[in-house]
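**Q** what follows is a predicted protein model with its sequence.
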Amino acid sequence: MSALKTLNPYFYKHKRLLFLGIVFITLANFLTIYPVKFVGKAINIIAETLKNTKIADENALYKQLLIYGGIIVLAPILSGIMKFYMRQTIIVTSRKIEFELKNNIYKHYQILSFTFLKKSKVGDLMNRISEDVVNVRQYLGPGIMYSINLVIMLIIVLFYMLLSDPIMTLYALLPLPFLSYFIYRQSTIINKKTKIVQEKQSNLSSFVQDSFSGIRVIKSFTQENNVISKYISRSNEYREKSLSLASTEAFFSPLMLLIIGLSNLFILYIGGQRYISGKIDVGTITDFFLYLNILIWPFTALGWVTSMTRRAEASMERINEFLDVKEDIINNNYNIYPITGNIKFENVSYTYPNTGIKALNSISFEIKAGETVIFMGKTGSGKSTITLLLERLIEPDSGTIYIDQIPLNKHNLELIREKTGYVPQENFLFSDTIYNNIAYGIENPTLEKVEKYARQAEIDSNIIEFKDKYQTEIGERGVTLSGGQKQRISIARALIKDPTIFLFDDSLSAVDTETEEKILSNIENDMDVKTTIIITHRVSSAKNANRIIILEKGRIAETGSHRELMDLQGLYSDLYKKQITEQQS
């Protein structure tokens, strides 16, 4: 149960509602059990009446039976009202905690490092905020409610049973220690099986998510049958583990009924012996039967609650495992100040932890405010890593990055990202309208402003041809758009921020050379006052840049202007000549 201790702060926060819930549970149970003794008294009166043909005071007898009958009828009605309020406090508390827990998990998603999220499966992350939280909520609501209900009911029943006959009570409760031992053994097995089931469920969710995301690839490679086969295999694994868990859980209810049944047999035998010897009356035996039958549902529910608690514990372990992951990148500066855009890398190195690939190896360069610098190089040379470092999505292993002569990790992180217009290599678009995708990240955007930057990104002419124009829904990840359209919408989204620093990570690869030149020409007026980094494989983008930096295996191989690198007759010159020849052929 140690994993569930992390829920204690939530309990403390809602202690008033929980306390009221316990009060209502106590009242409900008292009103359920209190009338039982009047059933026994009524039976004793009837038994005495049957023995004695002459009744001394018939009216008094009827009056007494009427009072007992009124208590027997009225008390359950009041108990039902108390049970309603019991649910309105305990269950409502569980829903509030569920809401807060989901919000806390989602907030934690936002602060976790780029590296952690990149190596995590989306299906698994989704499962923790959905299925796992639901399991915890079941424990917080019905689990706690029925557990408290059982404890309070058992205390009240034991009090009345001991008050009636201690010896009968001892025999009635004799099987319960065996029940406790069985519950302990079964709950341990359930906990282990539950963890396995939840892991299988996460794997299944991740597989389905991957299949949906890559459906076009699956269809283009005609792998539908193969994917279905794998899905069925994973589903069968999940089904087998779930059935194994269900089989273990299924032992509880029959066992509870068996224990209660044995207790009833003991009452029947011992009660009969004591009645024959004149130590108790028939009403007392009746009371004991009723007390035990009142306990049937709480004890039957005990198996369900135990299973629910074990599920919640396994789920909370998974949630805690995620919440215990610390954020790697911390913002310690919340000041607001101007950013001019001077960038300096000083002996910066970075190795990706999940692959061990050294992307950058002690590189140094400086970009003055307002300059346009092109980074070129083969795939894996470290170009994209530079943009991730500047966005501070990752931290360098060694060396220092400066912006405006201040180390990047000393800057206000939110301010730096706000002043940076980043167009990533993977042009992610939200399942929303074109308008909202372009306007993403700015407050109160006007249509005129959105249209202005769409024209700069050379996408406006495409948008106005759509039926709903800027209100066109683009589907998940922009599935209804071409690669070039997605890239240009991403560029418009970066431009509309009016940032100080532009980062274009191979963001023109899906458009033709003519469109590329138009886009660069359209934003040239802004670029002369913005620090601009363009990562590209095309030399056509590089000719007008202030400087070109060629990377090779994480190091700077060449640097200089277009003319200087052409005169050098090195890597850039070879690439330029090759691309020009391809264009002319």
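**A** Happy to help now that I have it.
**Q** any idea how far residue 139 is from residue 310?
**A** 9 Å (CB to CB, to the nearest Å). C-betas here are computed from N, CA, C, even on glycine.
**Q** between these two, tell me which one has more neighbours.
**A** residue 310 (26 against 22; other CB atoms under 10 Å).
**Q** sec struct for the more buried one, please.
**A** helix (DSSP: H, G, I helix; E, B strand; the rest coil).
**Q** for residue 502, same thing?
**A** Going by three-state DSSP: residue 502 is strand.
**Q** without its sequence neighbours, what residue ends up closest to it?
**A** Spatial nearest neighbour of residue 502, excluding adjacent residues (CB to CB, 6 or more residues apart in numbering): residue 532 at 4.3 Å.
**Q** please verify my assumption that the one you found contacts residue 373.
**A** Yes - at 7.2 Å, residue 532 counts as touching residue 373 under the criterion of CB atoms under 8 Å.
**Q** neighbour count for the two, which is higher?
**A** More crowded of residue 532 and residue 373, by other CB under 10 Å: residue 532, with 26 against 21.
**Q** am I right that that one sits in a helix?
**A** No - secondary structure assignment places residue 532 outside any helix; it is strand (three-state DSSP).
**Q** in contact with it, which residues are there?
**A** Neighbouring residues of residue 532 by CB atoms under 8 Å, 6 or more residues apart in numbering: 371, 372, 373, 501, 502, 504.
**Q** neighbour-wise, which one of those leads?
**A** For the contacts of residue 532, neighbours tallied by other CB under 10 Å; top is residue 504, 27 neighbours.
**Q** how about it: which residues does it bridge to?
**A** In this entry, residue 504 is beta-bridged to residue 423, residue 534, by DSSP bridges.
**Q** quick one, strands of the stretch 301-450 of the chain?
**A** For the stretch 301-450 of the chain, the strands defined by DSSP state E, counting those that start in this stretch cover 343-351, 358-367, 372-377, 398-403, 406-407, 420-423.
**Q** could you redo the ones you listed as a markdown table and give each row mean pLDDT?
**A** As requested, the strands of the stretch 301-450 of the chain are exported to a markdown table (pLDDT from 0 to 100):
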| stretch | mean pLDDT |
| --- | --- |
| strand 343-351 | 91 |
| strand 358-367 | 90 |
| strand 372-377 | 88 |
| strand 398-403 | 92 |
| strand 406-407 | 91 |
| strand 420-423 | 87 |
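**Q** could the ones you listed go into CSV alongside distance to residue 65?
**A** CSV is the format used below for the strands of the stretch 301-450 of the chain (distance: least, CB to CB, whole Å):
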stretch, distance to residue 65
strand 343-351, 87
strand 358-367, 89
strand 372-377, 96
strand 398-403, 90
strand 406-407, 89
strand 420-423, 84
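**Q** and the ones you listed: which comes nearest residue 69?
**A** Comparing the strands of the stretch 301-450 of the chain against residue 69 with CB to CB, the closest turns out to be strand 420-423 (78.3 Å).
**Q** neighbours of residue 141, just the number please.
**A** As a measure of burial, residue 141 has 20 neighbours, counting by other CB under 10 Å.
**Q** per-residue confidence at residue 56?
**A** pLDDT for residue 56: 53.
**Q** check the one 3 residues further on too.
**A** The model reports residue 59 with a pLDDT of 67.
**Q** related to what we said a few turns ago, for residue 79, which of the strands of the stretch 301-450 of the chain is the nearest?
**A** Checking those against residue 79 by CB to CB gives strand 420-423 as the closest, at 62.6 Å.
**Q** give me the residues contacting the closest one.
**A** 387, 390-391, 487, 490-491, 493-495, 497, 499-505, 507.
**Q** go on, stretch 396-413?
**A** With CB under 8 Å, 6+ apart as the test, stretch 396-413 has contacts from 329, 331-337, 339-351, 360, 362-364, 369, 389-390, 392, 395, 416, 501.
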